[in-house]
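S.K.: Need coordinates for the below:
(one chain, ligands or ions: 1)
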Amino acid sequence: MGRMGKMYTVNPNDYKLLEEVGYGASAVVYRAIYIPFNEVVAIKCLDLDRCNSNLDDIRREAQTMSLIDHPNVIRAYCSFVVDQNLWVVMPFMAEGSCLHLMKIAYHEGFEESAIGSILKETLKALEYLHRQGHIHRDVKAGNILLDTNGIVKLADFGVSACMFDTGDRQRSRNTFVGTPCWMAPEVLQPGSGYNSKADIWSFGITALELAHGHAPFSKYPPMKVLLMTIQNAPPGLDYDRDKKFSKSFKEMVAMCLVKDQTKRPTAEKLIKHSFFKNAKPPELSVKKLFADLPPLWNRVKAIQLKDAAQLALKRMPSAEQEALSQSEYQRGVSAWNFDLEDLKAQASLVRDDDDIPEMREEDESIKFGGGKAAIGSQSSSVKINSNSEMQLAEYSRQLSGCELPQADNFIKKGKLPESDLLETSSLEKERNGSISEAKASTSESLMAQAKAKTVKSRQTHSGPLMPGTVFSHSLSERGRTSERFENEIHPTAERVTRELRKGPSFSGPLMLPNRASANSLSAPIKSSGGFRDSLDEKSKTNLVQIKGRFSVTSENLDLVKPVNQPPKEVSHNSVHALLLPHLQNLFQQTSIQQDIIISLLNSLQPAEAIEAAQNGKLLPLPHGSENNGSVEAASSEREKSLLIKIIELQNRMVNLTDELNVEKLKYERLQQQLKAISGREENGERSGVDA
Ligand SMILES: Nc1ncnc2c1ncn2[C@@H]1O[C@H](COP(=O)(O)OP(=O)(O)OP(=O)(O)O)[C@@H](O)[C@H]1O
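M.R.: Just a heads-up that it's a prediction; the model follows:
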């Protein structure tokens, strides 16, 4: 049954498909003629084979759409199955979606008056849906459709949920659904549950999308978007950048983008905000947006051609992948079926990726993978099934282990100190249980560092390891990728570990030059800050110092453990008490220096590896004999520099030994003086008694 009692038949022969006017991950939308009425309609052809949703979900969408009766919500006239497609017949919205409109003519977004009208109409739709017990779950510019007379309608119930559902369907609301950039933090944190307020968050993001031409974080890979949404302060309209927008608009957006869902207004309340009170009727502010634009199907074709041209320009395999996924992503699509392994793999990469200073929102050079890489395929939603939720919750918990300000900092600054990188890496390992003890040995730290370095350098250069790319790979491809990744980093990293294990306690002394150079082992041992502060208590107690690239754990500090202070002698022995720790320190420093030298001498080969790790130059090891000449030259260079270091250390040892001897002499002299004084005192006392 159609609108106003009109009957639309379920016979495909009654419909004549015309141009393609839109596409999603699992659907293509056509302009069509309903022959019996000679009426233009839109038909959404959902490919049931490509659908992420099961048939029940699809039926539900069609059912929901057919029951909807609100001027701002697209309703279905009817739906039926044709081959492996579900056809949904609906009113044709001749100006297409706001997203398409921005892509074709308003790259920087719309002016405020148009935004106000569009948002107000959309909010009316949300208010209606929420009242009916529905959560839309995919509010975004791509789902706000416009008609030639300026009418605004919210579309796409592909992922909508019913708030009044019980049982299994209710539980399904604990799954991830939506499009990453528009998803509320509580939706991204499985287990927490969400309600219609999630739509209010997405509505706020949509407001920013309409204001800027793209959603916040839209140039980042989906995994990073998830992290940023959870960890960062909510996005908003900037006072400097967005001067052109009114205070009430900024305020309204800020009200929607509150992380605590309970503090977000309901649609009913929000619509009373002054921003909407002043909104113009859409016939005035929206209609003028399409003046002089070609018909919708030509625009859609133009957008498709533009995407295709972009792809053609990037012929290199990784660039091609990246561009595909980027264009996919920027269309505001949502075609990622999250996979836990992907999430984990990406989680480990995202942090390192943050270390890439060039990673800016404006930066086109860092692209991301994801989505189904086909021009005709847009959309779809992120769904994480319930099984993955526990693990994802665990992942979220891991995320939350990083204190937000820190995360904000590194994202904003775009650079982590080396030490933080290393720390993050060992912290993650610790949390993942891959290292059972928080106290990573120094060699493990170096190994981690070598890995972190390698990952980092790979990410800077290529697509395959970029987080999003993992999404677009099949399981076997992922396997291959990780295999290749392992193979590529392991020759060096493994060598580092192997070599490190060869040399007895080599790792300890190498940690120490930083400390020893301070020439004061009694100086307080403390963290150098950065991520350090966000570490949990356990690792805090174990990790006593981070300097430069090294972390020193308490395990490595056998040689520098604070000296056990001897019990203080009373009164006149205070000089003695003061001197003793100092002498012991000197003695220890000398021992340490000796150890360093011995270790260096014993372990020239591992030192090369570590130095390479230190410098981030993990040079490939020579394999063929043809390389031997240059390798020898290189290693003799390194040997030379190591020898120089050894000589320096030896000199310092000599100096310290001299100092020690001087101190010893002073100490002996003082002891003699002390004895003499106490002897004299005793004599004086005795003679006093005698007298
Ligand atoms: N009734 C309509 N009239 C005109 N254009 C439409 C209509 N319905 C959808 N479109 C166009 O088709 C595009 C895809 O439609 P739709 O969002 O329903 O597909 P989808 O596969 O569910 O996409 P997504 O998952 O990205 O939301 C829309 O962005 C819009 O541009």
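
S.K.: C-alpha only now, for contacts and for neighbours.
M.R.: Noted.

S.K.: List the contacts of the residue lying closest to Ala94 once chain neighbours are set aside.
M.R.: The spatial neighbour of Ala94 that comes closest, neighbours along the chain excluded (Cα to Cα, 6 or more residues apart in numbering), is Asp147 at 5.0 Å. By Cα atoms under 8 Å, 6 or more residues apart in numbering, the contact set of Asp147 is Phe92, Met93, Ala94, Glu95, Gly96.

S.K.: Let's see if you can find the most crowded of these.
M.R.: Glu95 (26 neighbours; other Cα atoms under 10 Å).

S.K.: how about low-confidence regions in the stretch 51-200 of the chain?
M.R.: Along the stretch 51-200 of the chain, the parts satisfying pLDDT under 70 run over 51-54, 57-58, 60-62, 64-65, 157-179, 190-192.

S.K.: which bits of it sit near the ligand?
M.R.: Met90, Pro91, Phe92, Met93, Ala94, Gly96, Ser97, Gly142, Asn143, Asp156, Gly158 (Cα under 6 Å from any ligand atom).

S.K.: Can you name every helix or strand that the helix or strand hosting the first one contacts?
M.R.: For Met90, the element it lies in under DSSP states H and E is strand 85-91. In terms of contacts (3 or more Cα pairs under 8 Å, 6 or more residues apart in numbering; DSSP states H and E), strand 85-91 is packed against strand 39-47, strand 78-82.

S.K.: Export the contacts of Asp147 as CSV, with columns for secondary structure.
M.R.: Output for the contacts of Asp147, formatted as CSV (DSSP: H, G, I helix; E, B strand; the rest coil):
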residue, secondary structure
Phe92, coil
Met93, coil
Ala94, coil
Glu95, coil
Gly96, coil
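
S.K.: sorry, back to before: from the residues of the stretch 51-200 of the chain next to the ligand, which two are the most distant?
M.R.: Ala94 and Gly158 (20.9 Å; Cα to Cα).

S.K.: pLDDT below threshold where in the stretch 501-650 of the chain?
M.R.: Ranges of the stretch 501-650 of the chain meeting pLDDT under 70: 501-636.

S.K.: quick revisit: so of the helices and strands packed on strand 85-91, which one's packed in deepest?
M.R.: strand 39-47 (a mean of 23; mean count of other Cα atoms under 10 Å).

S.K.: Tell me, what's the model's pLDDT at Asn655?
M.R.: We have a pLDDT of 80 for Asn655.

S.K.: can you tell me the helix or strand for it?
M.R.: Residue-wise, Asn655 maps onto helix 628-690 under DSSP H and E.

S.K.: helices or strands next to that helix in the packing?
M.R.: For helix 628-690, the packing partners by 3+ Cα pairs under 8 Å, 6+ apart are helix 574-602, helix 604-615.

S.K.: Out of the contacts of Asp147, the closest to Val258 would be?
M.R.: Val258 lies nearest to Gly96 out of the contacts of Asp147, by Cα to Cα, at 30.2 Å.

S.K.: surely that closest one meets Asn298?
M.R.: No: Gly96 is beyond contact range of Asn298, at 11.3 Å (criterion: Cα atoms under 8 Å).

S.K.: How many neighbouring residues does Lys645 have?
M.R.: Look at Lys645: counted by other Cα under 10 Å, it has 14 neighbours.

S.K.: Sorry, slip of the keys, the one I care about is Asp69.
M.R.: When neighbours are counted by other Cα under 10 Å, Asp69 registers 16.

S.K.: Show residues contacting stretch 112-121.
M.R.: By Cα under 8 Å, 6+ apart, stretch 112-121 touches 72, 152-153, 207, 210-211, 245-246, 271, 275-276, 279-282, 285-286.

S.K.: after whichever strand or helix holds Val187, next one along is what?
M.R.: Assigned by DSSP H and E, Val187 belongs to helix 185-188. The element immediately downstream of helix 185-188 (helix or strand, assigned by DSSP H and E) is helix 197-212.

S.K.: before we move on, the earlier item: of the contacts of Asp147, which is the nearest to Val40?
M.R.: Of these, the one sitting nearest to Val40 (Cα to Cα) turns out to be Phe92, at 6.5 Å.

S.K.: Pretty sure the closest one sits against Val29.
M.R.: No: contact criterion Cα under 8 Å: Phe92 and Val29 do not qualify, at 9.8 Å.

S.K.: So for these two, which residues contact both of them?
M.R.: Ala42.

S.K.: related to what we said a few turns ago, which entries within the contacts of stretch 112-121 meet the buried criterion?
M.R.: Neighbour counting with 16 or more other Cα atoms under 10 Å marks 72, 152-153, 207, 210-211, 245, 271, 275-276, 279-282, 285-286 as buried within those.

S.K.: Can you list which of those are found in strands?
M.R.: Of those, the ones assigned to strands by DSSP state E are Val152, Lys153.

S.K.: And the buried ones among the contacts of stretch 112-121, which two are furthest apart?
M.R.: Greatest spatial distance among the buried ones among the contacts of stretch 112-121 (Cα to Cα): Asn72 and Phe245, at 25.1 Å.

S.K.: Without its sequence neighbours, what residue ends up closest to Val88?
M.R.: Ser79 (4.3 Å).

S.K.: what sits up against the strand holding Met90?
M.R.: So strand 85-91 is contacted by 40-48, 62, 74-81 (Cα under 8 Å, 6+ apart).

S.K.: quick one: it to strand 39-47, angle?
M.R.: 150 degrees (axes from the mean of the first three to the mean of the last three Cα atoms, to 10 degrees).
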